[in-house]
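J.: Fold the following.
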Amino acid sequence: MGELKEFPFLVGTSGLLVISFIFAVIAVATDGWYDVQSLPFLTEYNSATKTEKEDLLWLVGIVVLILLGIICLCFTAVIIVARFCGHSRGRVKLGGFLSIFTSAVFIVALIIFMLSFPPAETSYGYSFGLMWASIPLSLAGGIIMMLLPDDAFLDSEIVTYSAAGPK
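T.: Down below sits the predicted model:
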């Protein structure tokens, strides 16, 4: 198991990132983004005609950005699980960066959505709110991970392997 003094921080970070992951998955899979939407994004795009699809291509972009953030959260989860087991020395800062990057990706996706549907013209739904709620969670998790001690980050020691083993 990893160092005992960082255990509460890893548990807290895990909780933040799991909640952020759940919020992002619910937001991308449901139809509660705004008041006139009756289908999830990709279903709405697939049911449109060819001329409508050209106007709705931004929906695919939002989904791709949210999925990129979800994938980054999955990589961060692997790093945290490895750290619980005492591994992943030198990779905690990478996990923190991925969590902060996830927040930035979610913000870009929400900005694109808000540019397409300004607040004066529509009322936003629960999926939109869940995406906004997942941003501070993943940002806080990333900042906590960046503050954890990581003595092997960018270690310059190069290990070479041969038939006899590492040198």
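
J.: tell me the contacts of the most centrally placed residue in the chain?
T.: Nearest residue to the geometric centre of the chain (C-alpha atoms, centre = their mean): Gly69, 3.2 Å. Taking C-beta atoms under 8 Å, 6 or more residues apart in numbering, we find Gly69 in contact with 24, 101-102, 105-106, 109, 138. (Each C-beta comes from the backbone N, C-alpha and C, glycine too.)

J.: now, which of those residues sits nearest Phe128?
T.: Ala109 (10.5 Å; C-beta to C-beta).

J.: Around the closest one, count how many other residues there are.
T.: Using other C-beta atoms under 10 Å, Ala109 has 24 other residues around it.

J.: quick one on the thing from earlier: how much space separates the residue nearest to the centre of the chain from Leu110?
T.: With the distance defined as C-beta to C-beta, to the nearest Å, Gly69 ends up 11 Å from Leu110.

J.: In which helix or strand does the residue nearest to the centre of the chain reside?
T.: According to DSSP states H and E, Gly69 maps onto helix 57-84.

J.: ok, now how distant is Cys72 from Phe128?
T.: Distance from Cys72 to Phe128, by C-beta to C-beta: 21 Å.

J.: Do a quick rundown of the strands in this protein.
T.: All strands of the chain, identified by DSSP state E, fall at 161-162, 165-166.

J.: Go through those and find the least confident stretch.
T.: Note on the strands of the chain: lowest mean pLDDT is at strand 165-166, with a mean of 56.

J.: So Val105 sits against Leu65, correct?
T.: Yes - in this structure Val105 lies within contact range of Leu65 using C-beta atoms under 8 Å: 5.2 Å.

J.: I'd like the list of the contacts of Gly69 that fall within helices, please.
T.: 24, 101-102, 105-106, 109, 138 (DSSP state H).
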